[in-house]
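Chemist: I would like to see how this sequence folds:
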Amino acid sequence: MSNQSTHQAAGGGKPSHVLVTGGARSGKSRFAEALVADAGFEKVYVATGQAFDAEMRSRIEQHKQDRGSGWTTVEEPLALAEVLQRESRPDRAVLVDCLTLWLSNLMLEDRNIAEEVAKLGASLSFLRGPVVFVTNEVGQGIVPENALARRFRDEAGRLNQHIASLCERVVLVAAGQPVQIKPSLHPAIKL
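Modeler: Numbers count the residues shown, from 1 in each chain. Okay, the predicted model is just below:
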């Protein structure tokens, strides 16, 4: 079976997309990078992070070193739907790392979050190759103290739900261990 056929949605002939989620330092980026690297396609890394300070510059450099050579890196903090449409090809797997930073960038630019998320979601059906999205689970802790942090938490939750609904597979990574949550490995839960 060819690599391309292993990454097609069941019966649809369309490329499959994967959402990888987890907490900070859970191993989600490493898992997503391995998923793309193992696919055998040309590897494209779409980086949404911006180096606003020395600590973030250091993190970005460390990410580049960790993933190694063989990746084409595209830095895009805002126009994610457009860059995916441009970079997506049947012989490429695209990794977006990460949706949470993309959301932060949109909020800093005072963009219409609902419109941007809808545009990203709509673009998925037109992509010609598989995409792996990395995102953070941010709503499992205490309720944030300030309104901006609460808004970010809520927007991130809505973004993750929307993209998860459009992806064929969703994987939660905790302590470096991936757990597939979509499609479910167990039958539907009923009372």
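
Chemist: Who are the contact partners of the most centrally placed residue in the chain?
Modeler: Among the residues of the chain, the one closest to the centroid is F133, at 1.7 Å (C-alpha atoms, centre = their mean). Counting by C-beta atoms under 8 Å, 6 or more residues apart in numbering, F133 touches 17-20, 96, 98-99, 163, 167. (Glycine included, C-beta is placed from N, CA and C.)

Chemist: what's the closest of those to V143?
Modeler: Taking C-beta to C-beta as the measure, V143 sits nearest to L99 out of the contacts of F133, at 21.6 Å.

Chemist: wait, isn't that closest one in contact with A32?
Modeler: No: under the criterion of C-beta atoms under 8 Å, L99 makes no contact with A32, lying 11.3 Å away.

Chemist: does the residue nearest to the centre of the chain belong to a helix or a strand, and which?
Modeler: Applying DSSP states H and E as the criterion places F133 in strand 131-136.

Chemist: Equivalent analysis for T72, please.
Modeler: strand 71-75.

Chemist: For K14, see how far away A39 is.
Modeler: A39 is 16 Å from K14, where distance means C-beta to C-beta, to the nearest Å.

Chemist: swap in F31?
Modeler: For F31 relative to K14 (C-beta to C-beta), the value is 23 Å.

Chemist: same thing with D154?
Modeler: D154 is 31 Å from K14, by C-beta to C-beta.

Chemist: Those two: which is more packed in?
Modeler: The neighbour comparison of D154 against K14 (other C-beta atoms under 10 Å) goes to K14, with 17 against 14.

Chemist: pLDDT at the residue nearest to the centre of the chain, what is it?
Modeler: With respect to pLDDT, F133 scores 98.

Chemist: How about D110?
Modeler: We have a pLDDT of 97 for D110.

Chemist: For my notes, confirm it occurs in a strand.
Modeler: No: D110 is assigned coil when assessed by DSSP: H, G, I helix; E, B strand; the rest coil, not a strand.
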